[in-house]
Structures are given as structure tokens and as C-alpha cells.
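> Everything below, folded, please.
(2 chains)
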There are 2 protein chains.
Amino acid sequence: MPTLEEKQLLLIPGPTPVPQAVLRACARPMINHRGPEYARLQNENVAGMKEMFQTKNEILVLTCSGTGGMEAAIVNTLSPGDKVLALVIGAFGKRFVKIARAYGADVEEMEFTWGEAVDPRKVRDRLSQDKSKEIKAVLIQHNETSTGVYNDLKVIGPIIREHGALSIVDAVSGLIALDLQTDNWNIDVVAAASQKAFMLPPGLAFVSMNERAWQAYEKATTPRFYFDLKSAKEFAEKGQNPFTPALPQVFGLQEGLRLLRQEGLQNVFLRHQRLGDAVRAGAKALGLELFAKPANASNCVTAVKSPEGLGADDIRKFLLEKYGLVLAGGQAHLKGKIFRIGHLGYVSETDILGCMAALGAGLQELGVSVDPGAGAAAAMASFQAAER
Amino acid sequence: MPTLEEKQLLLIPGPTPVPQAVLRACARPMINHRGPEYARLQNENVAGMKEMFQTKNEILVLTCSGTGGMEAAIVNTLSPGDKVLALVIGAFGKRFVKIARAYGADVEEMEFTWGEAVDPRKVRDRLSQDKSKEIKAVLIQHNETSTGVYNDLKVIGPIIREHGALSIVDAVSGLIALDLQTDNWNIDVVAAASQKAFMLPPGLAFVSMNERAWQAYEKATTPRFYFDLKSAKEFAEKGQNPFTPALPQVFGLQEGLRLLRQEGLQNVFLRHQRLGDAVRAGAKALGLELFAKPANASNCVTAVKSPEGLGADDIRKFLLEKYGLVLAGGQAHLKGKIFRIGHLGYVSETDILGCMAALGAGLQELGVSVDPGAGAAAAMASFQAAER
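Below you'll find the predicted structure:
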């Protein structure tokens, strides 16, 4: 099947596809980032972001990748030597550990089997042992992108609060694809980024800090300048950033937020639920094994084990070249063993049907004994069931 | 004179206007930043950037503002307690001091009168006193955006090399508007950014590190993660970034570099020379006093003292509202006392003529006794003289 060289179906867990209206907004002419037009734009964006974070906190918009947002969350709240509990369920949990250690934190890793979620009981047990309150902060992913597993922050947030440690959440891939009630669930610091469910290009990170987090800021001695959130907050009060912001993404954010608010946040969650259900049903119908335990399988991204005798990266290469279907590979020790289907952001049900059909055909062409249409049929049935 | 509300003549020292072809490139659909298409793009960009930096060094592309690039230059080469000599001629020199101090450097400020350049003889004297080679690095601006003054790095670079300290140059607003021969002039670290003479939106910083800088990296103990340049270098070797890059700006960079290479770097310098000469001639013809001493007046931006009895920000507000002309204000103690005309990046001779005419008319309308067409006429004569 010949394919148009440049036309791709991009289904990776970020950057995600971006609506044409947002891309057009990104191409607006430059404006003065210290002028009144920019201030109106930024203020509108921050108001919208508060809805997305489900918080009353100021949302600080930084020009950087999601990892920059994670770093900002760390360096603004911790001091060298601070004891930190990191709950790790995959590669991005490991990244949080690396960032905290790079800045001198004394990190205790509590690692769970990759493919499973953090067990809230184990967190409660560990924190309840910490009678002298040595643990200053707990690091956790909202959604672990490398395994396609989400953590139950509705339960874990209050457990951390009961202990008194600061909860620092990497919600880079999870926010607005999955519910995250920043204020209701007692989350102190949340970091997110533009290129995921927000349907924007990469280039912006967003950080929410509550009052407890700002109190921690006052005590935190980790050095910082570019990522200094107090400076960001002071400039935000006059509708500015301390440094020149990534204007295309700021323009795009305004347009993206309009689309998201029009749809309504609960509908955004439901959309991702429908896509996640269909991908899981489709993959299973193709005889593939899912990497994530069903209980906490994420609606952002689905990790799929590659069939016996086939390398996951060989499947990806074949699908890219033959069908223009772009899937993500495995990270760390999962490289070559899993591939990941991103289904967050600007992804339609028909995108998923096309993905499942191409995946089925590709597997058959690679010699797997499979009914090539079974995945698309199962995904379709899943969508139809969701309509009823 | 009624004006189109949204049509502006943006003449600030960044973000600068962006060509339509670059804006269109910024609006390209997303791609996989770990895939082969991205690797080709990044490799092409880095090859082009080496020409722009006039260096054989790898150019590291970071997703951040220019200040992030300055921070990267500091945290990758210095350790807390290191003695650093900062040559300050304006607000961005002060920023370099703040960054270095935030990360624990022992900074000695050598400040020169704002509006003048660094005096190379004083630098030589100070460094020659440092017999025990305590000074590990010298911080300096290529072009000081706040005052419109450039430093003579052709002379100062070798002076610093003779001493042996690392030269760390903030070339954010200067690079490619003004000559900077990274290798020939012995500059060890150079930081630049996308939103200036590169004619791109903000969102990317570029850092050049030579072998001496990488040796300093190996000894530097300042904590770093997001801005770790060794990690950036290792990923660059496979055509990637450690973290998801700002794709719109990366697409735009490819297009911008094509335009710049077509024009030729020497012609880019000459273009900025013509614009700078015309702005200076025009402003003087309007009876305005220039803030920068003529010897080192920059071809990137011209700082103009506001006429007796008129606030610079009142002039700017009037020009913005009446003529859609966007100029920059003064920074630090210069706020309200100067306004700044940016003439770098995608700025045409006709833009400058329009600016001078609007400025002349505006001054007259604000009650200044002035021949309103004198600025445009002088700018035009300057352009015509340059053609001969």
C-alpha cells in the first residue's frame, strides 16, 4: 500500500497532534511581551488554566519542556539534604528521582513493579513510620507515560497530607486526560506541559503551587534563577513573564483553551476514556498483551507487549514506513519489548480505528497469525457501546 | 490618523518580526521528536548554526528563553565559590551577575558607565593583577540590549584568553546582527536565542561550548539537570534532545537558517549596519539625543533619550495608540528616561522610514518643536549613501 510520504498518523504520548486552529494561532505575528495585548492574553490563559488544574492557585507558565516544570517543582520547594520519598512506577518516576538528587535531596525510592500503580497502603505504612516527620516531600506521577499507568491521587493525595509532607505531582502527561482535582485532593505542587492533552506544541510547562508550597518556597535553599517561581508569580501579577515567553505556544494556548472550555472538562475526560477503552479492546482483539494492569490502565497511552519473536521497534519501523503510523517505543529496560500507542490530545475515534486497522494489517504482514480487522472491529464496538 | 487596531510595526529588541515563511513553518503539524525526520531536521539546523556562530563547536539547542541559555552557560562551567569577573555595561550585565550569584559564584563586578562599552584596557589591567589566577571566568555581553552598546570582543576575547579565564559571552541580542567570530576571537562559551536577529519566535536558546569549556564542565559542581549541556550534547549526537523540544521554533529555525544562508552572513551584518546607521541619523535629525556613545553604538537597538519635559513611556504609549508603532522602554534606572528602537531581525529599510516618520509626527503632536519629516529624510539619505 503506497502512502503519502509526509502524511502521518501521530499517536505517541506527546507531542500529540495539534488542531489546525491552534497551529494557525501559533503562526500569529509577534507582539511585545511587555505590552497590554500580551497581558490580556496571559491573564485569559491563566484563568483558563486554573479551570484545567481545578484549582484556585496561580498557574505559572514557563518556557521549557515538561521536565523543566518538574525541575521547577523541585528547586522551588526543597533544600539540599531534604529527605524525599519518591514513588516510582516507571521511567518518569526515575527522572523525578534524578532531578531531586541532582539538587542534593536525600531521596528514598519506593519502587513498584512497572505496569502497576503505586499501592496507597504501602505509602500510608511508610509515612506512618515517619514519626519524626523527616520526609519533607513525596514525589509521584499522575500518569506514568512509560508504562501507561495512572496513580490514584484522589486516595494518595490525602494520605500524604495527613502525614504533612508536601505532595509534588508530575502531571505532564496526565493533566486533563485524566481527572486531577488539585485543590480537592490536597495536591500541593502540580507540574504539567503543553504538548499532551492540551493539544498544543511543546514549549510550555505549567506549575500550580498552593499556599503550603509557597511556605516551603520561603525555606527552600536550592539555587534557582530561570525557574524561580516567585519571580514568575510577581511578573504574572502584571501580566508578564520574567523572561521572553514562547509566544507561538502562548497564542496556541489561548486557542486551545477556548476549544477545551467549549467541550467542557468532564467531556474531555470522557473523550479520553472512550479512546482508552477502544485502544485496549482493539489491541486485545489482535491477540496482543497489554503491559499495564487493567485496574490502573491509563487513558493517555497504552503500552503493548510485542508478540513472541517480534521486536517492538521492528513493528514500529514497519508501521511507520508502510502506513505512516507513528507509535512510541519502550523506555529503559522496556526498549524493544513494548510499543506505546498515545491516545491523548487531538485524537479522534477514527484515528484510533485507522491505527487499529494498520496495526492489524502490519502484524499480519510481519508474519503474525492474526485476523487483521479484529482490532478495528473491537475498537468500533467499544465506541458504539460507549454511545449507548 | 486612524490606524488598524491589530496592525503594528514591532520595533523592539526582541521578539522581532518574523517572516511569513518562518511563521508558516512554525505552524507545521507535530512530528515524533525521537524519529528519523526530527533527527534530519536537527542535524541540518545545527550545521547551519555553526556557520552563524562561526565555530566548529557543537551548538546545543535548548527549549527556553535567552536567559535559560545564559544560565546554562553558568551552571555547566562554574562551581560554587568560583571567582568570576563580570563586566557590566547595563541591565543584562546585571542579570549575568544575578545568575552567577544565585548559583554561588563569587562575583566581582566591574561596571562601566551605562551607554559606554567595556574598556579593554581596564580588563587587561585587572586580569594582569590576578597573578594567582583566581578568576575562573569572565562574563560579558556581546551586545547590551538595555543600552544599545556592543563590546569589542575581537579585542577582549584574546585578553581573557591570555589570562586563562573562561570567557562566557551573552550574545542573545547580538549574534548575527553583529560579527562574533567565536573561534577566531577565542570565545569559550556563547549563549544566544531565537527571537533576535535569527528572525524566529522566542522559545529556543543556543549555546556553543569549546573544548576548554567542556574541560571546565568536568570540574564544575554547580547542580543542573534540565540545562545539563553534556546530556544535550549526547542526545544531539543521535539527532535528539534530552527533552521534548519546542517543535514550532525548531521548524522555524530550519526555514530561518535557509533565508540567512541565502543572504550570507556578511550581508546580514551589512544589513544591520545600514539599519543602525539610518536609525541613528534619523533620531539625531529629529533633535533627539542618543544614549550610547557613538564608538560602540549597536546595530541591534538604539536607545534614545526622551526630550526635555516628555516621559519616554508617554511617547511610547502615544506612538503605540496612534501609529501602532511598538518601541521598547528603558530598564532599571533608565525607565521613563529612554526609549529603545529595535532594528534587528526581520526589519526592512521601509520599516525604519515608517518608524522615523511616525516618531517625527508623534513628537510634533506631543508638542515638541520639530520638523516631523526630518527623521525619515535623514534615514532615507543614510540608506541612499549606503547604496553608493
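
> ok, the spatially most central residue of chain A - contacts?
Among the residues of chain A, the one closest to the centroid is A:S173, at 0.5 Å (Cα atoms, centre = their mean). Contact analysis of A:S173 by Cβ atoms under 8 Å, 6 or more residues apart in numbering or on different chains lists A:13-14, A:66, A:92, A:142-143, A:145, A:196-197, A:300-301, A:344. Quick note: C-beta positions are derived from backbone N, CA and C, even for glycine.

> Got phi/psi on it?
In terms of degrees, to the nearest 10, the main-chain angles of A:S173 are phi -90, psi -10.

> how many other residues sit next to the closest residue to it other than its chain neighbours?
The shortest distance from A:S173 to any residue other than its chain neighbours is 4.3 Å, reached at A:T145 (Cβ to Cβ, 6 or more residues apart in numbering or on different chains). A count of nearby residues for A:T145, using other Cβ atoms under 10 Å in any protein chain shown, gives 29.

> for A:G148, same thing?
Residues lying near A:G148 (other Cβ under 10 Å) number 31.

> How about A:E237?
The number of residues packed around A:E237, counting by other Cβ under 10 Å, is 8.

> Could I get the contacting residues of it?
By Cβ under 8 Å, 6+ apart, A:E237 lies in contact with nothing.

> Roughly how far does it sit from chain B?
For A:E237, the distance to chain B (Cβ to the nearest Cβ, to the nearest Å) stands at 18 Å.

> Likewise for A:E255?
Taken as Cβ to the nearest Cβ, the span from A:E255 to chain B is 12 Å.

> Test my guess that that residue contacts A:A25.
Yes - with contact defined as Cβ atoms under 8 Å, A:E255 reaches A:A25; the gap is 3.9 Å.

> thinking again about what came up before, of the contacts of A:S173, which belong to helices?
Of the positions in these, A:66, A:92 sit in helices, assigned by DSSP state H.

> Could you dump the contacts of A:S173 into CSV with pLDDT added?
Output for these, formatted as CSV (pLDDT from 0 to 100):
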residue, pLDDT
A:P13, 97
A:G14, 95
A:G66, 98
A:F92, 98
A:H142, 98
A:N143, 98
A:T145, 98
A:K196, 96
A:A197, 96
A:C300, 97
A:V301, 98
A:L344, 97
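
> In CSV, list the contacts of A:S173 along with distance to A:P307.
Formatted as CSV, the contacts of A:S173 follow (distance: Cβ to Cβ, whole Å):
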residue, distance to A:P307
A:P13, 21
A:G14, 26
A:G66, 31
A:F92, 26
A:H142, 30
A:N143, 26
A:T145, 23
A:K196, 28
A:A197, 30
A:C300, 23
A:V301, 19
A:L344, 25
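
> Buried ones among the contacts of A:S173?
Buried subset of these (neighbour count, 16 or more other Cβ atoms under 10 Å in any protein chain shown): A:13-14, A:66, A:92, A:142-143, A:145, A:196-197, A:300-301, A:344.

> Out of these, which is nearest to B:P248?
Of all the buried ones among the contacts of A:S173, B:P248 sits closest to A:G14, with 14.5 Å by Cβ to Cβ.

> Please report how far the closest one lies from chain B.
6 Å.

> Please apply the same query to A:G69.
For A:G69 relative to chain B (Cβ to the nearest Cβ), the value is 9 Å.

> again with A:G287
26 Å.

> before we move on, back to that, between which two of the buried ones among the contacts of A:S173 is the distance greatest?
A:F92 and A:A197 (15.5 Å).

> ok but A:R40 is inside a helix, no?
Yes - per DSSP: H, G, I helix; E, B strand; the rest coil, A:R40 lies within a helix segment.

> I figured it hits A:Q254, correct?
No - in this structure A:R40 lies outside contact range of A:Q254 using Cβ under 8 Å: 9.7 Å.
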